[in-house]
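In: 3D, please:
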Amino acid sequence: MKNGVIRELFKNRTLLLMFLPVAVLLFLFNYLPLAGLVIAFKDFDFTKGIFGSNWMHPLLDNFDYLFSSDTAFRAVRNTILLNALFITVGLIFEVGFALLLNEVRNKYFKRVSQSLTFLPFFISWIVVGVFAYNLLDFESGAINHFLTTIGLKPIDFYSEAGLWPIILTIAIRWKATGYGTIIYLAALTSVDNSYYEAASIDGATRWQQIRYISLPMLRPTIIILTLLAVGRIMNADFGMFYAMVGDASLLFPTTDVIDTFVYRSLRKSGDIGMASAAGFLQSMIAFVLVIASNYAARKIDKDSAIF
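Out: Next up is the predicted model:
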């Protein structure tokens, strides 16, 4: 048995050497920091360090602020609802765009379209935030300038919190749709053309081919990527929210998420224990959601579940 294991390791030595840098990075940035979870249960003192700091009395005292604060509850609610909105709309746009590109027969047009939609992914959220400000500013924004030109009243976007879930959704779709389409398009290109040819001979229209061939072939990919997205549902994109919203407190009722809430709290109070408790809570809720989503996925398609 031992000799067989050694033989297999030696046989796959090239692959193992290629994996080694990934394993080191995974350990350093994903597993080693897990020891810092104890900060959530400690009265952290910089002079004593992580393991030398005293334990909280009571032990869950760092979590009290999160459970008793209306602002913290609002941040948790906004994080879940906004990310659920982003996942749902993103799934529709990415799958839909992949299906559209898959139907295009002109290879040059297909490549240009994919490149143009993929390009915004490389633009920093800081730059996107500047673009958004120049579009939405009440006094000098391009949208309000257009509205006044046609005789309509300008809109103060930075005081209308109800509009920002839509604005943020539009921004993230503009930036990420091209990137998210790649995996779905790759899955579609791997489908055997004989399926479409047989369906065409049987008289199936293009819509019927999409409905009964393309979408079922995409289902495993859709389930896996959705499960992975649900696993990150408690982790908002701090760069996007801070670049787009910043410290505009009038927008916090619909845009304040856990990441920005913790950042502001840490910046004002310097309470690392409370910030760590928020991060610990994020991870636990995400873990529960992944388990629940994976259970639901196994009920739909056992082979498409992660585990």
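In: And Val257, its phi and psi?
Out: phi -110, psi 170 (degrees, to the nearest 10).
In: number of nearby residues for it?
Out: Applying other Cβ atoms under 10 Å, we find 28 other residues in the vicinity of Val257. Where C-beta positions appear, they are placed from N, C-alpha and C, glycine not excepted.
In: Also Met244?
Out: Residues near Met244, counting by other Cβ under 10 Å, number 24.
In: ok, it touching Ala171?
Out: Yes: contact criterion Cβ atoms under 8 Å: Met244 and Ala171 qualify, at 6.4 Å.
In: Common neighbours of those two, please.
Out: The contact sets of Met244 and Ala171 overlap at Val128, Ala132 (Cβ atoms under 8 Å, 6 or more residues apart in numbering).
In: For Glu169, give its distance to Gly203.
Out: Heads up, residue 169 is Thr, not Glu. In this structure, Thr169 and Gly203 are 39 Å apart, going by Cβ to Cβ, to the nearest Å.
In: The two: which is more packed in?
Out: Thr169 (17 against 7).
In: Give me the nearest residue to that one, chain neighbours excluded.
Out: Val89 (5.5 Å; Cβ to Cβ, 6 or more residues apart in numbering).
In: name the element the one you found belongs to?
Out: Using DSSP states H and E, Val89 sits in helix 70-103.
In: Name the residues of whichever helix or strand comes after that helix that are buried.
Out: Using DSSP H and E, the helix or strand that directly follows helix 70-103 along the chain is helix 107-118. Burial within helix 107-118, assessed by neighbour count using 16 or more other Cβ atoms under 10 Å, is assigned to Lys110, Ser113, Gln114, Thr117, Phe118.
In: Dump the residues you listed to CSV, plus pLDDT and distance to Leu82.
Out: Output for the buried residues of helix 107-118, formatted as CSV (pLDDT from 0 to 100; distance: Cβ to Cβ, whole Å):
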residue, pLDDT, distance to Leu82
Lys110, 85, 32
Ser113, 87, 28
Gln114, 86, 27
Thr117, 89, 23
Phe118, 89, 24
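In: of these, closest to Arg13?
Out: Phe118 (36.4 Å; Cβ to Cβ).
In: from what I can see that closest one touches Tyr179, true?
Out: Yes: under the criterion of Cβ under 8 Å, Phe118 makes contact with Tyr179 at 6.1 Å.
In: can you map out the strands along the chain?
Out: Under the criterion DSSP state E, the chain contains strands at 42-45, 53-55.
In: Deepest-packed of the ones you listed, please.
Out: For those, average neighbour numbers computed from mean count of other Cβ atoms under 10 Å are highest in strand 42-45, which has a mean of 18.
In: Show which residues not belonging to that strand make contact with it.
Out: With contacts defined as Cβ under 8 Å, 6+ apart, strand 42-45 is touched by Ile50, Gly52, Ser53, Asn54, Trp55, Met56, Ile272, Gly273, Ser276.
In: The same query, at a cut-off of 6 Å, please.
Out: The contact list for strand 42-45 (Cβ atoms under 6 Å, 6 or more residues apart in numbering) reads Ser53, Asn54, Trp55, Met56, Ile272, Gly273.
In: how deep is the last one tucked in, by neighbour count?
Out: Number of residues near Gly273 (other Cβ under 10 Å) recorded here: 20.
In: about what we covered before: show me which residues of the helix holding Val89 are buried.
Out: Residues 72, 74-76, 78-80, 82-83, 86-87, 89-91, 93-95, 97-99, 101-102 are the ones in helix 70-103 that count as buried (16+ other Cβ under 10 Å).
In: same check, this time on stretch 244-251
Out: Met244, Val245, Leu251.
In: Tell me what Asp43 is bridged to.
Out: Asn54 (DSSP bridges).
In: Do me a favour and average the pLDDT over stretch 196-215.
Out: The average pLDDT within stretch 196-215 is 87.
In: Grab the CA positions of it and hand them over as PDB.
Out: The C-alpha trace of stretch 196-215 is given here as PDB (Å, rounded to 0.1, in the frame of the first residue of the first chain):
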ATOM      1  CA  TYR A 196     -28.600  20.800 -32.900                       C
ATOM      2  CA  GLU A 197     -28.400  19.100 -36.300                       C
ATOM      3  CA  ALA A 198     -30.800  16.400 -35.200                       C
ATOM      4  CA  ALA A 199     -33.200  18.900 -33.700                       C
ATOM      5  CA  SER A 200     -33.100  21.000 -36.900                       C
ATOM      6  CA  ILE A 201     -33.900  17.900 -39.000                       C
ATOM      7  CA  ASP A 202     -36.900  17.200 -36.700                       C
ATOM      8  CA  GLY A 203     -38.100  20.700 -37.300                       C
ATOM      9  CA  ALA A 204     -37.100  22.400 -34.100                       C
ATOM     10  CA  THR A 205     -36.900  26.200 -34.200                       C
ATOM     11  CA  ARG A 206     -33.800  28.100 -32.800                       C
ATOM     12  CA  TRP A 207     -35.800  29.000 -29.700                       C
ATOM     13  CA  GLN A 208     -36.800  25.300 -29.200                       C
ATOM     14  CA  GLN A 209     -33.100  24.300 -29.600                       C
ATOM     15  CA  ILE A 210     -32.100  26.900 -27.000                       C
ATOM     16  CA  ARG A 211     -34.900  25.700 -24.600                       C
ATOM     17  CA  TYR A 212     -34.500  22.000 -25.000                       C
ATOM     18  CA  ILE A 213     -30.700  21.600 -25.700                       C
ATOM     19  CA  SER A 214     -28.700  24.700 -24.700                       C
ATOM     20  CA  LEU A 215     -30.400  25.400 -21.400                       C
END
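In: Good, we can wrap up now.
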